[in-house]
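Requesting a structural model of the entry that follows:
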Amino acid sequence: MHVQEWLDTVPAAAVYAVVGLVIGLESLGIPLPGEIVLVSAALLSSQHGGINPVILGACASAGAVIGDSIGYAIGRKGGRPLLAWLGSKFPRHFSEGHVATAERSFQKWGMWAVFFGRFVALLRIFAGPLAGVLRMPYWKFLIANVLGGIVWAGGTTAVIYYVGVVAESWLKRFSWLGLVAAVLIGVASMLVVKRKAKKAQTAHQEAEPEPVAAAE
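Presented below is the predicted three-dimensional model:
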């Protein structure tokens, strides 16, 4: 079942909770499809009057910020042994190569790596724990974390919501245009057929020989 179809089967409050929880766990360092869930929920909100996009964006932002902060605390306490353990559990996401790439990004960009990492799937999972492992000052991490979480989660929700509204409006307009065109084509076809049938009938009558009068 598609994510959007599943979300459509649960109450609005559950949608907010699922979005916040999945994004929070992903930000904490657990590889989950947070972006897919957020996009699906935002698209659903554009078609579902019961789901408020503002509340949805706020829940997604809160999940991102809280999850990253918990990931930071875990990384700061666990250190590099934590990364090694994550690599053994999730080798596809926490391989040595991925860790090295993320670490270079953090060393080069600092706070910007936390901010822009929110928009990159790999760094989105790494940002919190790795910032803690590298002992980034928490106040710097918190500023970048809050700004990145709000811009990413809120911005994604807003963009997808308005795209969904415009697309639905366009599709409805297209449906009406298609219906009108179908009716016009149908009427035109009927008139053409009727006209051709009338011509054929007239030609047939003209081609028939006149009856010969019987001899007296």
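
which element follows the helix or strand harbouring Ala84 toward the C-terminus?
Assessed by DSSP states H and E, Ala84 sits inside helix 53-89. Scanning forward in sequence from helix 53-89 by DSSP H and E, the next helix or strand is helix 96-109.

picking that back up, which secondary structure elements does the helix holding Ala84 sit against?
helix 12-28, helix 34-45, helix 96-109, helix 121-133, helix 138-149, helix 155-207 (3 or more C-beta pairs under 8 Å, 6 or more residues apart in numbering; DSSP states H and E). (C-beta placed from N, C-alpha, C; glycine too.)

Can you give me the pLDDT of Ala203?
pLDDT recorded at Ala203 is 59.

wait, Ala14
86.

averaging pLDDT over each of the helices and strands packed on helix 53-89, which comes out lowest?
For the helices and strands packed on helix 53-89, where the average pLDDT is lowest is helix 155-207, sitting at a mean of 60.

burial measure for the nearest residue to Val22 once chain neighbours are set aside, as a count.
The spatial neighbour of Val22 that comes closest, neighbours along the chain excluded (C-beta to C-beta, 6 or more residues apart in numbering), is Val37 at 4.7 Å. Per other C-beta atoms under 10 Å, the neighbour tally for Val37 reads 23.

Would you quantify the distance from Val37 to Val19?
As judged by C-beta to C-beta, to the nearest Å, Val37 and Val19 stand 6 Å apart.

repeat for Val163
Applying C-beta to C-beta to Val163 and Val19 gives a distance of 18 Å.

and what of Leu56?
For Leu56 relative to Val19 (C-beta to C-beta), the value is 6 Å.

rewinding a little: ok, the residue nearest to Val22 touching Leu25?
No - in this structure Val37 lies outside contact range of Leu25 using C-beta atoms under 8 Å: 10.5 Å.

contacting residues around the closest residue to Gly154 other than its chain neighbours?
Distances taken as C-beta to C-beta, 6+ apart put Gly57 closest to Gly154, at 4.3 Å, once the chain neighbours are dropped. Listed by C-beta atoms under 8 Å, 6 or more residues apart in numbering, the contact partners of Gly57 are 42, 153-154, 157-158.

Can you tell me which of those are buried?
For the contacts of Gly57, a burial check counting by 16 or more other C-beta atoms under 10 Å picks out 42, 153-154, 157.

quick one, which of Val163 and Val19 is more surrounded?
Taking neighbours as other C-beta under 10 Å, Val163 and Val19 compare with Val19 leading, 27 against 14.

Check the burial of Thr101 by counting its neighbours.
Thr101 has 14 nearby residues by other C-beta under 10 Å.

Ile66 too?
With other C-beta under 10 Å as criterion, Ile66 counts 18.

I'd guessed it sits against Glu26; true?
No - with contact defined as C-beta under 8 Å, Ile66 does not count as touching Glu26 (11.8 Å).

picking up where we left off before, between the contacts of Gly57, which sits nearest Met136?
Closest approach between the contacts of Gly57 and Met136, by C-beta to C-beta: Ala153, at 21.2 Å.

Now for the residue nearest to that closest one when sequence neighbours are not counted: which residues touch it?
Nearest residue to Ala153 in three dimensions, chain neighbours excluded: Ala60, at 3.7 Å (C-beta to C-beta, 6+ apart). Counting by C-beta under 8 Å, 6+ apart, Ala60 makes contact with 19-20, 23, 38, 41, 153-154, 156-157.
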